[in-house]
Structure formats: structure tokens, C-alpha cells
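Asks: could you work out the structure for the sequence below:
(one chain, ligands or ions: 1)
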Amino acid sequence: MLNGKVAVVTGGTRGIGYATVKKFLDEGAKVVLFGSKESSVAKALESLKNENNDYEVTGLYPDLSDIKSVEEAFDSIIKEYGKIDILVNNAGISARESLYDYTSEAFDNIIDLNIKAVFNCSKVVAPYMKENGGGVILNTSSMVSIYGQPSGVGYPTSKFAVNGMTKSLARELGKDNIRVNAVAPGVIRTDMVAALPEEMVKMVCAQIPLGRMGEPEDIANAFAFLASDSASFITGAILSVDGAGMC
Ligand code: NAD
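Replies: Numbering: from 1, shown residues only. As a prediction, this is how the structure comes out:
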């Protein structure tokens, strides 16, 4: 599906991002994964190489909320690979504090990673894609971007913004043959969900019509489709991958 493509996946060291990196590699792409620190990037690369030594995968750990750091990272990728066909803005953190306990600092942190990093990476990659005749930007939204969430208000707020950026950039960048879409995962078995109270997870899973929690690979498969030429007329879409569950 992705033979010859060069992809960047932020938050690629574990969970949904790691599964997406692996799926893209299995589909023939060369991938640069981003993580938050050197050690987690090294661990992810080692694990991927153990799975398949032929994978063409490297890693970087720019500060995604700092445009200079993002520019340096993408410049180095262009120097190495000559182009970037696919960007997956996946790095994200969640929140579940009540409004009464929610600090302004915590709100800033979530906005910096879940929104500003998406802006920074999209802004920096788009000119390269345009110059190369087009590309694909994919964002990780969430089902809370549809329903909201009864705690941790910064998290659903950030994902509503991701949807807004997805739809707006799709309209702006279509003329440059850059497609922009998002996947809105439901409850997916990753560290992010492992941090939730067991009671809450059980309650959420009980009303998922497909009767199970999603796996990171369920989201990776959706990303691979949206990144591929099979999705050549799809842009501005927010694809729910949630087993029809609601939170
Ligand atoms: P995870 O915690 O397993 O992985 C998060 C990734 O983000 C990691 O690779 C980590 O290195 C990266 N990251 C965290 N802080 C960072 C920082 N400051 N700078 C750079 N990178 C940083 O989480 P996940 O469940 O795989 O989440 C991935 C995406 O999926 C997030 O955007 C999340 O909001 C979204 N999502 C997850 C679920 C779910 O149920 N797991 C549901 C809906 C949406």
C-alpha cells in the first residue's frame, strides 16, 4: 500500500503510534518515528529491528511545541530521504482532572502537545509536500471530539481543535494535492488507557456494540488506508474507529 513512501509518525514509540509505524513499514514505507526522549526512541527502534531487520526506520526526538526544533528535525529528514509523503500527527497526552482541580499549567501542556505540535509539524511539512507534488497529513483525534468528556476538559477541547485543523487544512491545502484527514479512536488498549481506573474502562467497554476494546492495530490499519492512494479522493474526513462505542 505504501511502497516507496517516506512517512513521519509523531508519538511513534509506543501504543497507536508504534503500531502505525510497524504497519507502514510492513506496507513498504520508510519511516521516521518521533518520540519525547532519546531512550524511548532507541527502545522502539530496537524493538522494530528485532521484529524485522530489513525495516527502514530511524528516529528523532524534537520538542514538538518548539517550531525551531521541529524545523531542524524535518530539515534533517529531507536531507536524508529527499521528501516526506506522509505525516501522522499522533503524539498526545490525556487528562481527567475535574475542572476544580485543573491547573492552568496542565491546560497549557495539553494544548502545547495536542494542538500546537500538530500545527507546527503540519506547517513545516506542507511546503515540502507541495514542492514534491502533494502528500498526506493524518491526525489522531478521539471519540471525545464528538461527545466531549465529563472530566479533563483540556483533552476533549484539544481534540475538537484537531478536528477543526483537519477540516480547515483539508480545504486550504487541497489545491496543493495535500490530503488532510483524522482518525477518531474509541477506547484503545494502550498505556493511555492503562492509566484509567479499571471501573471506568469496564463501564466504557460494556456499551461498545462490537463488544471489545480497540487494539492499536485497528487504528494503524485505518491510517494505512487513509495514507494510501486507495483514499485518493478522501480529505477533510474524521474517521471514527471506535466499534460504535460512545464515552
Ligand atoms: P501512549 O501514551 O501509549 O503514547 C503516546 C505517544 O505520545 C508516545 O509515543 C509518547 O512518546 C508521545 N508523547 C507523549 N508526550 C510527548 C511529548 N511531550 N512530546 C513528544 N511526544 C510525546 O498513547 P496512545 O493511546 O497511543 O495515544 C496516541 C494518540 O491517540 C494520542 O493523540 C491520543 O490522544 C490518541 N487517542 C488514544 C486513545 C486510546 O484509547 N488509547 C483514544 C483516542 C485517542
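Asks: what number of residues lie near Val183?
Replies: 28 (other Cβ atoms under 10 Å). C-betas here are computed from N, CA, C, even on glycine.
Asks: longest strand of this structure?
Replies: strand 178-185 (DSSP state E).
Asks: parallel or antiparallel, list what pairs with that strand.
Replies: Sheet pairing of strand 178-185 (DSSP bridges) gives strand 135-140 (parallel), strand 238-241 (parallel).
Asks: and the nearest residue to Asp85 once chain neighbours are set aside, how far from the ligand?
Replies: In space, Asp85 comes closest to Lys5 once its chain neighbours are excluded; the distance is 4.2 Å by Cβ to Cβ, 6 or more residues apart in numbering. Between Lys5 and the ligand the computed distance is 21 Å (Cβ to the nearest ligand atom, to the nearest Å).
Asks: close enough to count as contact, Lys5 and Ala227?
Replies: Yes: applying Cβ atoms under 8 Å as the test, Lys5 and Ala227 come out as touching, 7.3 Å apart.
Asks: joint contacts of the two?
Replies: 24, 86 (Cβ atoms under 8 Å, 6 or more residues apart in numbering).
Asks: which one's more surrounded, these two?
Replies: Ala227 (28 against 21).
Asks: the more buried one touches Ile84, doesn't it?
Replies: No: distance between Ala227 and Ile84: 11.9 Å, which falls outside the contact criterion (Cβ under 8 Å).
Asks: which neighbours do the two share?
Replies: With Cβ under 8 Å, 6+ apart, Ala227 and Ile84 have common neighbours Ala7.
Asks: sorry, back to before: need the CA coordinates for the longest strand of the chain. PDB is fine.
Replies: What follows is strand 178-185, C-alpha atoms only, in PDB (Å, rounded to 0.1, in the frame of the first residue of the first chain):
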ATOM      1  CA  ILE A 178      -2.200  17.600   0.100                       C
ATOM      2  CA  ARG A 179      -4.900  15.500   1.700                       C
ATOM      3  CA  VAL A 180      -5.700  16.000   5.400                       C
ATOM      4  CA  ASN A 181      -7.700  13.500   7.500                       C
ATOM      5  CA  ALA A 182      -8.100  12.400  11.100                       C
ATOM      6  CA  VAL A 183      -8.900   9.100  12.800                       C
ATOM      7  CA  ALA A 184     -11.000   9.400  15.900                       C
ATOM      8  CA  PRO A 185     -10.200   6.300  18.000                       C
END
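Asks: is it anywhere near the ligand?
Replies: Yes: Strand 178-185 lies within reach of the ligand by Cβ under 6 Å from any ligand atom, at Pro185.
Asks: start the count at 19 instead of 1 going forward.
Replies: Happy to do that; since the first residue is 19 now, the last one works out to strand 196-203.
Asks: check which element follows that strand along the chain.
Replies: On the C-terminal side of strand 196-203, the closest following helix or strand by DSSP states H and E is helix 209-212.
Asks: that's all I had, so thanks and see you.
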